[in-house]
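Asker: Okay, structure incoming, though there's no sequence with it:
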């Protein structure tokens, strides 16, 4: 089984984000594998162990992403591919990433592609479905269970607090939701083996792509932190007085009624 995982390098979830001159300040920041992508890596490894085959982890970014790819290899992935766009693309968006990944995958023999449901930095959840559309294969998002029996695939997906069961077939793209599995930590032997596993680096030229082919469809005008929340207010007095004060505040201050 040929298994591919879409991976993104994101800020550590414990990192305190700062904004400078309308851009996120990355100096000294810690980066990790996007947490939802860790579920995808783990599921891919379990699929390979159950059905045989090979797990290839793919990311679009700069050389800094090599660390996260090596982590995925240490978890148990077989191969990694970095598509380096540092010298070719500025301010790429979800279209950019999906177009590049789809171009890389279009000539591959793909059985299943796994990715995270969303990236914690952008949260759009677009890249996986866009890749599937470009490759003209079915996709299922926010999955919490995946079973493959020959060419038949049974999936449980999260739907806003409930779940639904979907049956489909390979080839297929899925995006992982929290609860799909418990991602493993890289072991010391895994880390040592990862140093010897193949990590290929490609550029747009290797995919016969020009900068115009992957030009972003969106433009970020400004990045800013949300305003600090004001302290709450405790209403005093009899219940009737509190209700009157609350209604007045909602009407005159919050302006919601």
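Answerer: Perfect, thanks for sending it. Note that the coordinates shown come from a computational prediction; the quantities given were computed from them, not determined experimentally.

Asker: What average pLDDT does stretch 181-201 get?
Answerer: Averaging pLDDT along stretch 181-201 gives 94.

Asker: Tell me where the stretch 151-257 of the chain has strands.
Answerer: Applying DSSP state E, counting those that start in this stretch to the stretch 151-257 of the chain gives strands spanning 152-159, 162-169, 172-176, 199-202.

Asker: swap in the stretch 1-150 of the chain?
Answerer: In the stretch 1-150 of the chain, the segments counted as strands under DSSP E, counting those that start in this stretch are 2-6, 9-11, 19-20, 23-24, 31-33, 54-61, 79-84, 112-116, 139-149.

Asker: nearest to residue 205, of these?
Answerer: strand 79-84 (10.7 Å; Cβ to Cβ). Where C-beta positions appear, they are placed from N, C-alpha and C, glycine not excepted.

Asker: Would you mind pulling up the elements that the closest one packs against?
Answerer: Packed against strand 79-84 by the contact rule (3 or more Cβ pairs under 8 Å, 6 or more residues apart in numbering; DSSP states H and E) you find strand 54-61, helix 66-75, helix 94-105, strand 199-202.

Asker: Take the strands of the stretch 1-150 of the chain and lay them out in TSV including mean neighbour count and mean pLDDT.
Answerer: Formatted as TSV, those follow (neighbours: other Cβ atoms under 10 Å; pLDDT from 0 to 100):
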stretch	mean neighbour count	mean pLDDT
strand 2-6	24	97
strand 9-11	20	89
strand 19-20	11	74
strand 23-24	12	72
strand 31-33	19	92
strand 54-61	23	96
strand 79-84	21	96
strand 112-116	28	97
strand 139-149	18	96
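
Asker: Of all these, which one comes closest to residue 228?
Answerer: Nearest of the strands of the stretch 1-150 of the chain (Cβ to Cβ): strand 19-20, 13.7 Å.

Asker: neighbouring strands for the closest one, and are they parallel or not?
Answerer: Paired strands of strand 19-20, with direction, are strand 23-24 (antiparallel) (DSSP bridges).

Asker: still on that earlier bit, so which of the strands of the stretch 151-257 of the chain has the densest surroundings on average?
Answerer: Ranked by mean neighbour count under mean count of other Cβ atoms under 10 Å, the strands of the stretch 151-257 of the chain are led by strand 172-176, which reaches a mean of 26.

Asker: re earlier: for residue 142, which of the strands of the stretch 151-257 of the chain is the nearest?
Answerer: Using Cβ to Cβ, the strands of the stretch 151-257 of the chain put strand 152-159 closest to residue 142, at 4.5 Å.

Asker: now the angle from that closest one to strand 162-169?
Answerer: 160 degrees (axes from the mean of the first three to the mean of the last three Cα atoms, to 10 degrees).

Asker: Report the strands that pair with strand 152-159, each with its relative direction.
Answerer: strand 139-149 (antiparallel), strand 162-169 (antiparallel).

Asker: Just send the strands of the stretch 151-257 of the chain back as JSON lines, with distance to residue 82 too.
Answerer: Shown next, in JSON lines, are the strands of the stretch 151-257 of the chain (distance: least, Cβ to Cβ, whole Å):
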{"stretch": "strand 152-159", "distance to residue 82": "29"}
{"stretch": "strand 162-169", "distance to residue 82": "30"}
{"stretch": "strand 172-176", "distance to residue 82": "20"}
{"stretch": "strand 199-202", "distance to residue 82": "5"}
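
Asker: how about those, which one is nearest residue 74?
Answerer: strand 199-202 (11.6 Å).

Asker: centre of the chain versus the closest one, how much separation?
Answerer: The chain centre lies 20 Å from the centre of strand 199-202; the measure is Cα atoms, centre = their mean, to the nearest Å.
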